[in-house]
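*Asks:* Take this sequence and fold it.
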Amino acid sequence: MCPNGNADLTRSLIINSAIQIIGQDGLSALTAGRLIEQAGISKGGLYHHFRTMQEVEIEVLERLLQNLTMEVNAYPDPNSHEEFLGCLEKMLFDYLIENAENSRALFAFMSEAAYNPKVKVLLRNLSDDLILNWQRQLAILSPAVSAASLNNTAQIISTVHIGLMTRFFITEDQTSLRLYWRGCKGMLEGLLGIVHGYEKPAGRVVQDLMTGTVS
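*Replies:* The predicted structure is shown next:
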C-alpha cells in the first residue's frame, strides 16, 4: 500500500494527465489506455484510484471548476462599473488564452452536459456561483438597483461569457474575439449605465432598462 502522500500524487498525476488529453483531443479521447500511457502508470494503478473512467471524468471536471473558482475569487472586488467590466475582460482572456488547456477541457464538458446529469449539475452550480458573485459585486456598486434587475444583468453577463468561449473555440482567433468582446462590452456598458466614462445614477439605469433607452 502506498503512503497517503504518494497516493495523492498519483491521483493528481492521473487527473492532470486526463486534463491534458481532453484539452488536446476532446473528451472522447480519454480512454483507459490513453490515460495509462499519458500518466505513465499501470492499469492496476489507474483502477486502484478510480473504479471507472466515468469517475475520472467527474473528478477532472470538479478539478477544472475548482481551479476556475479559485481564479475568479482571486480578483478583488471592483470599485466602479468600469473596473467591474475590466475584471470580466481580464478573467475571460486570462482563462481562454493563458489557461488554454484547462479552458479547452472545460469546453469539452459543455456538450456532455446535455447527456450526463452529473456534468449538468456541476456546470449549473458553477454558473449559479458566478452569477451570484457578479450580482453581489453589482449590488455594492449599485445599491439602489433592485435585486431582480441586478440578477438579469448577471444572467446576461453569464450568457455573454459562454458565447465568447464558444466563439473562441470555433474560430481560435484572438483578434476576432477581442473585437466581439468590444461589442459585447458596449452592450454591457449600456446595461450598467456607463456612457463615455460617465456612470448614470442607479435609478436612471433602472428607468432606462425598463423603457429600453440608453442615452
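*Asks:* wouldn't Ser127 be in contact with Ile157 here?
*Replies:* No: with contact defined as CB atoms under 8 Å, Ser127 does not reach Ile157; the gap is 10.9 Å. Placement of C-beta: from N, CA and C, glycine included.
*Asks:* For these two, indicate the residue with more neighbours.
*Replies:* Ranked by neighbour count (other CB atoms under 10 Å), Ser127 and Ile157 place Ile157 first, with 22 against 15.
*Asks:* mind listing what the more buried one touches?
*Replies:* 88, 131, 134, 188 (CB atoms under 8 Å, 6 or more residues apart in numbering).
*Asks:* any idea which of those residues has the most stuff around it?
*Replies:* Trp134 (23 neighbours).
*Asks:* shouldn't that residue be in contact with Asn152?
*Replies:* No: with contact defined as CB under 8 Å, Trp134 does not reach Asn152; the gap is 11.3 Å.
*Asks:* I'd like the mean pLDDT over stretch 162-173, please.
*Replies:* The pLDDT scores in stretch 162-173 average 86.
*Asks:* starting at the chain centroid, how far to that stretch?
*Replies:* Relative to its parent chain, stretch 162-173 has a centroid offset of 13 Å by CA atoms, centre = their mean, to the nearest Å.
*Asks:* Just the mean pLDDT for stretch 113-127, thanks.
*Replies:* On average, stretch 113-127 scores 95.
*Asks:* If you count contacts, what does the strand or helix carrying Glu37 end up packed against?
*Replies:* Secondary-structure assignment from DSSP states H and E places Glu37 in helix 32-39. Helices and strands touching helix 32-39, by 3 or more CB pairs under 8 Å, 6 or more residues apart in numbering; DSSP states H and E, are helix 4-25, helix 43-49, helix 53-74.
*Asks:* How about that helix, which residues are buried there?
*Replies:* By neighbour count with 16 or more other CB atoms under 10 Å, helix 32-39 contains the buried residues 35-36, 38-39.
*Asks:* Which residue lies nearest the spatial centre of the chain?
*Replies:* Leu68 (6.1 Å; CA atoms, centre = their mean).
*Asks:* Kindly state the pLDDT recorded for that one?
*Replies:* At Leu68 the predicted local confidence, pLDDT, stands at 92.
*Asks:* Let me know the closest of the buried residues of helix 32-39 to Gln20.
*Replies:* Using CB to CB, Gln38 comes nearest to Gln20 of these, at 6.4 Å.
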